[in-house]
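# Sequence and predicted model, in that order:
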Number of protein chains: 2
Amino acid sequence: MSEPIRILVVDDHTVVRQGIVALLNTVPDLTVIAEAADGQEAIEVHRKHRPDVTLMDLRLPKIGGADAITLIRQECPTARIIVLTTFDGDEDIFRALQAGAKGYLLKGTDADELTSAIRSVYAGKSRIPAFVAEKLAERMGGPALTTRELEVLKRIVAGRSNKEIAGDLHISEATVKTHINSLLSKLGVSDRTQAATTALQRGIVHLD
Amino acid sequence: MSEPIRILVVDDHTVVRQGIVALLNTVPDLTVIAEAADGQEAIEVHRKHRPDVTLMDLRLPKIGGADAITLIRQECPTARIIVLTTFDGDEDIFRALQAGAKGYLLKGTDADELTSAIRSVYAGKSRIPAFVAEKLAERMGGPALTTRELEVLKRIVAGRSNKEIAGDLHISEATVKTHINSLLSKLGVSDRTQAATTALQRGIVHLD
DNA sequence: CGGCTTCTCCACCTTATGATGGATATTTTT
DNA sequence: AAAAATATCCATCATAAGGTGGAGAAGCCG
């Protein structure tokens, strides 16, 4: 028998992480060699152990999953990383794949699918489910928000008024309204409250 | 050696559920006798197997965790249920404990704490962490929303305008504004967008 | 380079939102 | 049963939010 696949598991929820570890260690050709609870730790542990495959959640303290993937692949361009997360909206999916993730699985998948995906990615293939491709297409469809619009959107979600946003960004209130108008139509909604909820739903911004 | 504690694990995320099962089954005096992926299934499985302790997530399809707890304890008032969830805001905590949960753990707890809590609750004790008590006190502090206010708040989060809400509830727009004014002050915020985000944060309403 | 698009910015006008005050039930307390 | 508290309802007024049109600056392509 050949060497088992060496895996790094990254998830901030200890119970979940230990559970996945226990699950994977019941499979003969897989072995979990390390764990990490946040993005910073993931980068360090990856540098030290160079796992064959990394299983990574996206919602992480300190450094988010997508950013962690970017940084890890800067150090180690051949790193094979599978995102394993609860659905966080198309924006998160997009950023993770953009960052170089080779697979994207929901926590709703079962152990067989998971191990199968690990072996696929280890073998150099990608594992992107059909519905993820759909979501991506969906995102591609809509025009992207500009930097300024995103800044305004973040503050809308934070509950700030147009006047406050104008002060934050050192621009006039009228300009803020222009940006809002623009992002409203890009998001396909008609007021700031809808903008806030859909932004949260699509993972464009987070409450934390 | 005495009989092991018989456990039911309820979680809609298959990977997480199977992971927790794998984790618990490595502990000698614990045995997972059944699993469920939603509230409806949890009730049926509980009826059939009568586990000693139930480990339940709150965010579940079909029937939510808190409602499932209520229904299970109607059938079986001695049922011992531990909520194991990611933090969902004080409202969810409150409803779960109200419904008769004996423990409330975050998924950030580790395996030792988890098994310890299971044994405690099996022995008839409660396991409510200090910070949960805090959150409860916090919730108690603020006045509760009336039925009408909650209906309005749900629609605000759904992105509906005052006029639309008035139509939905068959009341005048002026009345909707009164309810909004009232719930704004109760939530301690100053506009509908803040109301929406804090309602989501506190778990008073959900996006699904 | 000139034309093109895109982003950023602002002013004006209309409408939706939130504040205030108060009326009428319904329930709880005394 | 009377008094007090609570929930529901509505009207008026000031302000914040959204719609529309357009100007200047930065980058892109022919």
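Structure received.
# Close to DNA strand D: what parts of chain A are there?
A:161-163, A:174, A:177-178, A:180-181, A:184, A:190-193 (CB under 7 Å from any atom of the strand). C-beta coordinates here come from the backbone N, C-alpha and C atoms, glycine included.
# mind listing the strands for chain A?
Along chain A, counting by DSSP state E, strands occupy A:5-10, A:30-36, A:53-56, A:81-85, A:103-106.
# For chain A, which residue gets nearest to chain B?
Here chain A gets closest to chain B at one residue, residue A:19, 2.4 Å apart by CB to the nearest CB.
# Chain neighbours aside, what residue packs nearest to that residue?
In this structure, residue A:19 finds its nearest non-sequential neighbour in residue B:19, 2.4 Å apart by CB to CB, 6 or more residues apart in numbering or on different chains.
# ok, that neighbour touching residue A:14?
No: counting by CB atoms under 8 Å, residue B:19 does not reach residue A:14; the two are 11.3 Å apart.
# The two: who's more crowded?
A count of neighbours by other CB atoms under 10 Å in any protein chain shown puts residue B:19 above the other of residue B:19 and residue A:14, at 28 against 19.
# contacting residues around that one?
By CB atoms under 8 Å, 6 or more residues apart in numbering or on different chains, the contact set of residue B:19 is A:16, A:18-23.
# can you tell me which of these are in helices?
Members of the contacts of residue B:19 lying in helices (criterion: DSSP state H): A:16, A:18-23.
# residues contacting the nearest residue to residue A:89 once chain neighbours are set aside?
What sits nearest to residue A:89 in space, not counting adjacent residues and going by CB to CB, 6+ apart, is residue A:203, at 2.7 Å. Applying CB under 8 Å, 6+ apart, we find residue A:203 in contact with A:88-93.
# what do you get for residue A:187?
A:142, A:194-195, A:198-199.
# Dump those to TSV, plus distance to chain B and neighbour count.
Supplementary listing: the contacts of residue A:187 in TSV, determined by distance: CB to the nearest CB, whole Å; neighbours: other CB atoms under 10 Å in any protein chain shown:
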residue	distance to chain B	neighbour count
A:142	17	13
A:194	3	20
A:195	8	25
A:198	8	17
A:199	10	24
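# For the residues you listed, give me TSV that also has pLDDT.
Output for the contacts of residue A:187, formatted as TSV (pLDDT from 0 to 100):
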residue	pLDDT
A:142	66
A:194	94
A:195	95
A:198	93
A:199	93
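# Now for those: which two are most distant?
Spatial extent of the contacts of residue A:187 (CB to CB) is set by the pair A:142 and A:194 at 14.4 Å.
# Now rank the ones in helices among the contacts of residue B:19 by neighbours and give me the top one.
Of these, with other CB under 10 Å as the count, residue A:20 tops at 30 neighbours.
# out of everything not next to it in sequence, what's closest to that residue?
Of all residues not flanking residue A:20 in the chain, residue B:19 sits nearest, at 4.6 Å (CB to CB, 6+ apart).
# Just name the shakiest helix or strand of chain A by mean pLDDT.
helix A:130-141 (a mean of 70; mean pLDDT, DSSP states H and E).
# quick one on the thing from earlier: generate a markdown table for the residues of chain A next to DNA strand D, with distance to residue B:75, pLDDT and neighbour count as supplementary columns.
Formatted as a markdown table, these follow (distance: CB to CB, whole Å; pLDDT from 0 to 100; neighbours: other CB atoms under 10 Å in any protein chain shown):
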| residue | distance to residue B:75 | pLDDT | neighbour count |
| --- | --- | --- | --- |
| A:161 | 50 | 92 | 17 |
| A:162 | 53 | 93 | 19 |
| A:163 | 55 | 93 | 11 |
| A:174 | 61 | 91 | 9 |
| A:177 | 56 | 94 | 14 |
| A:178 | 58 | 93 | 14 |
| A:180 | 51 | 94 | 19 |
| A:181 | 54 | 93 | 11 |
| A:184 | 49 | 92 | 18 |
| A:190 | 46 | 92 | 12 |
| A:191 | 45 | 94 | 15 |
| A:192 | 45 | 95 | 24 |
| A:193 | 40 | 96 | 23 |
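# Distance to chain B added to the residues you listed, as CSV?
Shown next, in CSV, are those (distance: CB to the nearest CB, whole Å):
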residue, distance to chain B
A:161, 7
A:162, 11
A:163, 12
A:174, 19
A:177, 15
A:178, 18
A:180, 11
A:181, 16
A:184, 11
A:190, 8
A:191, 7
A:192, 5
A:193, 5
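# which among those residues are in contact with DNA strand C?
Among those, the ones lying near DNA strand C by CB under 7 Å from any atom of the strand are A:174, A:177-178, A:191.
# Fine by me, thanks again.
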